[in-house]
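Asker: Got a predicted structure plus its sequence, pasted below:
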Amino acid sequence: MPRRARPTDRKRLPDRKYGNPTLQQFNNNVMRNGKRATAEGIVYNALTLAETSTRKPGIDVFETAMRNAMPLIEVKPRRVGGAT
(Lines give C-alpha, C1' and ligand atoms only; values in the text may rest on other atoms or scores of the structure.)
Protein backbone atom coordinates (compact mmCIF):
# COMPACT_ATOMS: atom_id res chain seq x y z
CA MET A 1 0.00 0.00 0.00
CA PRO A 2 2.08 2.91 -1.23
CA ARG A 3 1.37 6.32 0.24
CA ARG A 4 2.22 8.52 -2.73
CA ALA A 5 0.80 7.00 -5.89
CA ARG A 6 -1.62 4.27 -6.80
CA PRO A 7 0.08 1.08 -8.00
CA THR A 8 -0.34 0.45 -11.71
CA ASP A 9 -1.71 -2.83 -12.96
CA ARG A 10 0.81 -4.68 -15.07
CA LYS A 11 -0.34 -6.02 -18.42
CA ARG A 12 0.05 -9.70 -19.13
CA LEU A 13 2.60 -10.08 -21.89
CA PRO A 14 1.55 -12.15 -24.92
CA ASP A 15 3.09 -15.48 -25.81
CA ARG A 16 6.12 -15.45 -28.11
CA LYS A 17 4.86 -17.96 -30.66
CA TYR A 18 1.08 -17.42 -30.75
CA GLY A 19 0.74 -13.93 -29.24
CA ASN A 20 -1.82 -15.10 -26.66
CA PRO A 21 -1.60 -13.72 -23.09
CA THR A 22 -3.61 -16.64 -21.67
CA LEU A 23 -1.15 -19.12 -23.13
CA GLN A 24 1.72 -17.13 -21.61
CA GLN A 25 0.05 -17.33 -18.20
CA PHE A 26 -0.40 -21.08 -18.71
CA ASN A 27 3.32 -21.34 -19.57
CA ASN A 28 4.15 -19.51 -16.35
CA ASN A 29 2.03 -21.96 -14.36
CA VAL A 30 3.74 -24.95 -15.99
CA MET A 31 7.21 -23.47 -15.36
CA ARG A 32 9.17 -24.87 -12.39
CA ASN A 33 12.32 -23.34 -10.91
CA GLY A 34 12.51 -20.66 -13.62
CA LYS A 35 12.91 -23.15 -16.49
CA ARG A 36 10.92 -21.17 -19.06
CA ALA A 37 12.35 -22.89 -22.13
CA THR A 38 11.48 -26.32 -20.74
CA ALA A 39 7.93 -25.21 -19.91
CA GLU A 40 7.44 -23.68 -23.34
CA GLY A 41 8.73 -26.86 -24.96
CA ILE A 42 6.23 -28.95 -23.02
CA VAL A 43 3.30 -26.67 -23.88
CA TYR A 44 4.24 -26.24 -27.55
CA ASN A 45 4.75 -30.00 -28.00
CA ALA A 46 1.33 -30.60 -26.47
CA LEU A 47 -0.21 -28.06 -28.86
CA THR A 48 1.43 -29.70 -31.89
CA LEU A 49 0.15 -33.11 -30.74
CA ALA A 50 -3.32 -31.58 -30.43
CA GLU A 51 -2.99 -30.13 -33.94
CA THR A 52 -2.09 -33.50 -35.44
CA SER A 53 -4.84 -35.42 -33.65
CA THR A 54 -7.69 -32.92 -34.14
CA ARG A 55 -6.60 -31.31 -37.43
CA LYS A 56 -7.35 -27.88 -35.94
CA PRO A 57 -4.92 -25.12 -34.95
CA GLY A 58 -3.37 -25.82 -31.56
CA ILE A 59 -4.27 -22.41 -30.16
CA ASP A 60 -7.95 -23.05 -30.97
CA VAL A 61 -7.80 -26.38 -29.13
CA PHE A 62 -6.19 -24.63 -26.15
CA GLU A 63 -8.82 -21.87 -26.04
CA THR A 64 -11.64 -24.43 -26.30
CA ALA A 65 -10.13 -26.42 -23.44
CA MET A 66 -9.84 -23.29 -21.30
CA ARG A 67 -13.48 -22.36 -22.00
CA ASN A 68 -14.62 -25.88 -21.10
CA ALA A 69 -12.62 -25.82 -17.85
CA MET A 70 -14.09 -22.51 -16.64
CA PRO A 71 -17.40 -22.44 -14.77
CA LEU A 72 -20.32 -20.92 -16.64
CA ILE A 73 -21.52 -18.97 -13.61
CA GLU A 74 -19.75 -17.55 -10.59
CA VAL A 75 -19.81 -19.96 -7.67
CA LYS A 76 -20.18 -18.26 -4.31
CA PRO A 77 -19.72 -19.97 -0.95
CA ARG A 78 -22.84 -20.57 1.10
CA ARG A 79 -22.72 -20.22 4.85
CA VAL A 80 -24.06 -23.23 6.71
CA GLY A 81 -24.49 -23.41 10.45
CA GLY A 82 -24.84 -21.00 13.28
CA ALA A 83 -22.47 -19.22 15.60
CA THR A 84 -18.92 -20.46 15.82
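Answerer: It's in.
Asker: what's the spacing between the residue nearest in space to the middle of the chain and residue 59?
Answerer: Centroid-nearest residue in the chain: residue 26, 3.5 Å away (criterion: C-alpha atoms, centre = their mean). Residue 26 is 11 Å from residue 59, where distance means C-beta to C-beta, to the nearest Å. To be clear about C-beta, it is placed using only N, CA and C from the backbone, and glycine gets the same treatment.
Asker: Correct me if wrong: the residue nearest to the centre of the chain contacts residue 43.
Answerer: Yes: at 6.5 Å, residue 26 and residue 43 qualify as touching, with contact defined as C-beta atoms under 8 Å.
Asker: What is the burial count for residue 14?
Answerer: 13 (other C-beta atoms under 10 Å).
Asker: give me every residue that touches the closest residue to it other than its chain neighbours.
Answerer: Nearest residue to residue 14 in three dimensions, chain neighbours excluded: residue 21, at 5.0 Å (C-beta to C-beta, 6 or more residues apart in numbering). Shown in contact with residue 21 (C-beta atoms under 8 Å, 6 or more residues apart in numbering): 11, 12, 13, 14, 15.
Asker: max-length helix in this protein?
Answerer: Ordering each helix of the chain by length in residues (DSSP state H) puts helix 36-54 first.
Asker: one step back: contact partners for the residue nearest to the centre of the chain?
Answerer: Contacts of residue 26 by C-beta under 8 Å, 6+ apart are 43, 62, 66.
Asker: same deal with residue 59?
Answerer: Residue 59 neighbours (C-beta under 8 Å, 6+ apart): 18, 20, 23, 47.
Asker: biggest separation within those residues, which pair?
Answerer: Across the contacts of residue 59, no pair lies farther apart than 20 and 47, at 10.6 Å, counting by C-beta to C-beta.
Asker: out of these two, which sits in the more crowded spot?
Answerer: residue 47 (19 against 16).
Asker: how about the nearest residue to that one, chain neighbours excluded?
Answerer: residue 58 (3.2 Å).
Asker: Compute the distance between that neighbour and residue 81, please.
Answerer: 47 Å.
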